[in-house]
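any chance you could fold what I've pasted below:
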Amino acid sequence: MQPGIRRHCSDTAARFRQGLGVFACIVAALLASTAAARPGGRAPAGVVELSIEGLDHDQTEAVVPALEIASYRQRKRIGERRLQRLLGQVGAEVDGALQVFGFYDSKTQVQVEALENARYRVVLAVDPGVPARVTALDVRIDGAAARNERIGGLVSGFQPALGEVFDHRVYEASKAAIERALLRRGYLAQRLVERRVEIRRGEHSARVVLHYQSGTRHFLGAVQFIGAQFDDTLMRRFVPWPDGFRFDQARVEALQQSLAASNYFDQIEISQGEIDAATLRVPLQVNLSPNLRTRYVAGVSYGSDEGAGVRGGIERRWVNARGHQFFGEAELAQRRSALFAEYAFPRFAERISRYAIATRWLDEQTDSVDARSFLLGGNAVARGHHWYGQASLNLLDGSFLVGARQPGDTRQDARVLYPELRYERVLAQDRVRPERGASLELRLLGASDALISDVSLLQGRATVKGILPAGSGARILAQITLGGTATDDFARLPPELRFFAGGDRSVRGYGYQALGDTDSEGVAIGGRHLLTTSIEYERELWPGWSGAGFVDGGDVWSQGRPQLALAAGFGLRWRSPVGPIRVDLAHGFDAEVGGWQLHLSAGPDL
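I've put the predicted structure just below:
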């Protein structure tokens, strides 16, 4: 093959169908095995078999605990008199349980069938009846909070609305949201002066009355730090508001997050002091315990991409009284060795949260790449709620060989000065194992041969990930990554600025950096453009352990259109104390570079 020639993938459609078939088989196997694998998945046989008809899943889940007879599904015997008594109270128990959903006149028919060994099958046929709907809704806030847009939106958007079923769960959630918003925005003297819900069973109607008195908004007062290892001048820089600012719980939480992110403190506790009745200022007391000043790390490592190795590092959480920080790490692995050091200047509550100077030496030896480089960079970091941004200026200097290599080959020198912008956003309640969430990662960089660099380029990359629930204990995980490079001299791009695909964190079923344009001997040399995608079904097997089936696809190319190399596989997941650890076995369907591959990886799902 000539340099830059694409692999022939005319049978992509057939491979796609094959991959989907394997994926479907794996998902079916996970579904079939879950009931047996999950502890308590099959309840022991008792004296009563109970089934309920006519209700949806949520209603059934609410009714079963309310039924005294349901407890006999795990018991071995029941007397005739007790059985009849429990059957006689079933109607009232069902009716009481369904009221939370807005049903107040349900009817239940009970059928009992005697089985062998003094056991019984009880079938409940439930007609929930006509639900009560909201016919009158009077939700009002008197006082200064009535002018707050956020709180006003909760009032005007109160659920259940007029004409909707009066679901007690929805009502309580809306009521709690108003009260929470009042407290979070500083209306600490707010009162619920009238609360009334009138249910008229004969009319199937509900009348709702909620009246609040918000009072005057309070203010944030002085912040006192106790137990800090720094003076008050530095500690006051953590406070993200001026004295006397309107009370906002989000700002108090931002203070706590900023203190935690600094890594200076082991324990952080924020409490409110006594409110000044004249000024309505709320003083805060912050009790702190210093963290260990120096942290050392050492251990062995293994990744399918890098191979086996050892690593060690030192973290100086504060270097001096100004709070400067230092981090250094060394890694020696089969295919990758690196030294990294960073000196940081934290800015705490300011919009730019820190500046840093970083340096890195890298030696990478893979089937596709032989590269040694030195990187010097300076960066500024900004953080917000769920997002992270970084702007940096980097100087990369080194030499490399890409593709097939022979002893004595002349190495290509590379020097690139490039600014870079990064942006990350994660939306998830639980970062360890989110049931639902999404993330976005963007990267943009550029260089000019008119300014120090040996080559001009403009490069962008975007990754989108998503997670959705797929039933009890199950999730669907999907991701797509797109990248593109504009340059007139691709051959002079160092490997760090080329796109490759394949490996643990890319397209499983293929070796590390195995996908891309190839040289005359069929060895990948990277490419200008990148496309990778994945869909995965994961289901919990035991507490802390889950199984997964997945289909991956991707390509790296410089001309024409992408021709996806596909793979399918299965794996095991362990929620370790330090985050998810994954072991995957995948088969790549590309005849030239595919095959069975074992992958070991770790890190967050988003």
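
got the phi/psi numbers for the residue sitting furthest away from the middle of the chain?
Most distant from the centre of the chain: Arg81, at 53.7 Å, with distances by Cα atoms, centre = their mean. Taking degrees, to the nearest 10, you get phi -70, psi -40 for the backbone angles of Arg81.

and it, what does it touch?
By Cβ atoms under 8 Å, 6 or more residues apart in numbering, no residues touch Arg81. Yep, even glycine has a C-beta here, placed from its N, CA and C like the rest.

with the one 5 residues further on instead?
Taking Cβ under 8 Å, 6+ apart as the definition of contact, the neighbours of Leu86 are Glu68, Ile69, Tyr72.

ok, now with 10 Å
Val48, Leu67, Glu68, Ile69, Ala70, Ser71, Tyr72, Ile78, Glu93, Val122 (Cβ atoms under 10 Å, 6 or more residues apart in numbering).

surely the second one and Asp95 touch.
No - with contact defined as Cβ atoms under 10 Å, Leu67 and Asp95 do not form a contacting pair (11.6 Å).

shared neighbours, the two?
With Cβ under 10 Å, 6+ apart, Leu67 and Asp95 have no common neighbours.

separation between Asn287 and Gln159?
Asn287 sits 40 Å away from Gln159, taking Cβ to Cβ, to the nearest Å as the criterion.

now Gly129: closest residue in space that isn't a chain neighbour?
Asp105 (4.3 Å; Cβ to Cβ, 6 or more residues apart in numbering).

neighbours of that neighbour, how many?
16 (other Cβ atoms under 10 Å).

tell me where this protein has helices.
12-37, 57-66, 80-88, 90-98, 149-156, 168-184, 232-235, 249-261 (DSSP state H).

so Asp138 makes contact with Tyr212?
No - using Cβ under 10 Å, Asp138 is not in contact with Tyr212; the gap is 11.6 Å.

more neighbours: those two, which one.
Tyr212 (25 against 12).

correct me, but that one touches Arg195?
Yes - counting by Cβ under 10 Å, Tyr212 does reach Arg195; the two are 9.4 Å apart.

list residues touching both of those two?
With Cβ under 10 Å, 6+ apart, Tyr212 and Arg195 have common neighbours Lys175.

and the strands in the stretch 201-350 of the chain, which stretches?
205-213, 219-226, 265-272, 281-290, 294-303, 307-316, 325-333, 336-346 (DSSP state E, counting those that start in this stretch).

ok, residues contacting the second one?
I take that to be strand 219-226. So strand 219-226 is contacted by 186, 231-232, 234-236, 238-248, 251-252, 255, 259, 269-270, 272-276, 279-289 (Cβ under 10 Å, 6+ apart).

in it, what's buried?
Phe219, Leu220, Gly221, Val223, Phe225 (16 or more other Cβ atoms under 10 Å).

what does the fifth one give?
For strand 294-303, the neighbour count (16+ other Cβ under 10 Å) marks Gly303 as buried.

one more: the last one?
Neighbour counts using 16+ other Cβ under 10 Å place Arg336, Ser337, Ala338, Phe340, Ala341, Glu342, Tyr343, Ala344, Pro346 of strand 336-346 among the buried residues.

could you please name the strands that strand pairs with and the direction of each pair?
strand 325-333 (antiparallel), strand 354-365 (antiparallel) (DSSP bridges).

then the third one?
Sheet pairing here is set by DSSP bridges, and for strand 265-272 it gives strand 281-290 (antiparallel).

same deal with the first one?
Using DSSP bridges, the strands paired with strand 205-213 in its sheet are strand 133-142 (parallel), strand 191-200 (antiparallel).

show me the shaky parts of this protein.
1-45 (pLDDT under 70).

tell me the domain ranges of it?
As recorded under automatic domain parsing, the domains making up the chain are 48-127, 133-213, 219-290, 295-346, 368-375+431-602.

looking at those, which one is packed in the most?
Across the domains of the chain, averaging neighbours per residue (mean count of other Cβ atoms under 10 Å) puts domain 368-375+431-602 on top, at a mean of 19.

ok so, going back, can I get the domains of the chain in TSV including distance to Ala391?
What follows is those, written out as TSV (distance: least, Cβ to Cβ, whole Å):
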stretch	distance to Ala391
domain 48-127	48
domain 133-213	32
domain 219-290	19
domain 295-346	15
domain 368-375+431-602	10
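
among those, which comes closest to Asn394?
Closest approach to Asn394 among the domains of the chain is made by domain 368-375+431-602 (6.0 Å; Cβ to Cβ).

kindly check the end-to-end length of that closest one for me.
Its start and end residues considered, domain 368-375+431-602 measures 24 Å (Cα to Cα, to the nearest Å).

same question, stretch 144-154
Span of stretch 144-154 from end to end, Cα to Cα: 15 Å.

His599 reaches Arg582, doesn't it?
Yes - the pair His599 / Arg582 is scored as a contact, 7.4 Å apart, by Cβ under 10 Å.

before we move on, back to that, for the strands paired with strand 205-213, which one sits closest to Leu458?
Nearest of those (Cβ to Cβ): strand 133-142, 53.0 Å.

any idea how far the closest one is from the chain center?
37 Å (Cα atoms, centre = their mean, to the nearest Å).

same list, the helices of the chain, but as a markdown table with distance to Tyr512 please.
Below are these laid out as a markdown table (distance: least, Cβ to Cβ, whole Å):
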| stretch | distance to Tyr512 |
| --- | --- |
| helix 12-37 | 20 |
| helix 57-66 | 45 |
| helix 80-88 | 64 |
| helix 90-98 | 56 |
| helix 149-156 | 49 |
| helix 168-184 | 48 |
| helix 232-235 | 45 |
| helix 249-261 | 33 |
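
coming back round to it: nearest to Ala118 among the buried residues of strand 336-346?
Arg336 (68.9 Å).

which residues does the nearest residue to Gln99 once chain neighbours are set aside contact?
Sequence neighbours aside, His168 is the residue nearest to Gln99 in space, at 7.2 Å (criterion: Cβ to Cβ, 6+ apart). By Cβ under 10 Å, 6+ apart, the contact list for His168 reads Gln99, Val100, Phe101, Gly102, Pro160, Val197, Ala206.

in TSV: those, plus distance to Ser520.
As requested, the contacts of His168 are exported to TSV (distance: Cβ to Cβ, whole Å):
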residue	distance to Ser520
Gln99	77
Val100	72
Phe101	70
Gly102	73
Pro160	70
Val197	79
Ala206	78
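
follow-up on the earlier one: so which of the strands of the stretch 201-350 of the chain comes closest to Glu164?
strand 205-213 (9.5 Å).

quick one: that closest one to helix 168-184, angle?
Angle of strand 205-213 versus helix 168-184, following axes from the mean of the first three to the mean of the last three Cα atoms, to 10 degrees, is 10 degrees.

show me the strands in the stretch 501-606 of the chain, by range?
Going by DSSP E, counting those that start in this stretch, the stretch 501-606 of the chain shows strands at 517-518, 524-526, 529-542, 545-557, 565-576, 579-588, 595-602.

make CSV from those strands and add distance to Arg316 to it.
Formatted as CSV, these follow (distance: least, Cβ to Cβ, whole Å):
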stretch, distance to Arg316
strand 517-518, 44
strand 524-526, 37
strand 529-542, 37
strand 545-557, 37
strand 565-576, 27
strand 579-588, 24
strand 595-602, 25
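
out of the ones you listed, which comes closest to Gly303?
Short answer: strand 595-602, nearest of those by Cβ to Cβ, at 6.2 Å.

and that closest one, what does it pack onto?
Contact analysis of strand 595-602 by 3 or more Cβ pairs under 10 Å, 6 or more residues apart in numbering; DSSP states H and E lists strand 294-303, strand 565-576, strand 579-588 as its packing neighbours.

which among the contacts of Leu86 gets closest to Asp305?
Closest to Asp305, out of all of the contacts of Leu86 and judged by Cβ to Cβ, is Ala70, at 52.2 Å.

got any residues that touch both of His599 and Arg582?
With Cβ under 10 Å, 6+ apart as the test, His599 and Arg582 both reach Asp504, Arg508, Gly571.

please identify which of the residues you listed is nearest to Ala173.
Gly571 (37.5 Å).

in the sheet, who's paired with the closest one?
Ala548, Asp584.

check contacts around it.
26, 508, 536, 538, 546-550, 582-586, 598-601.
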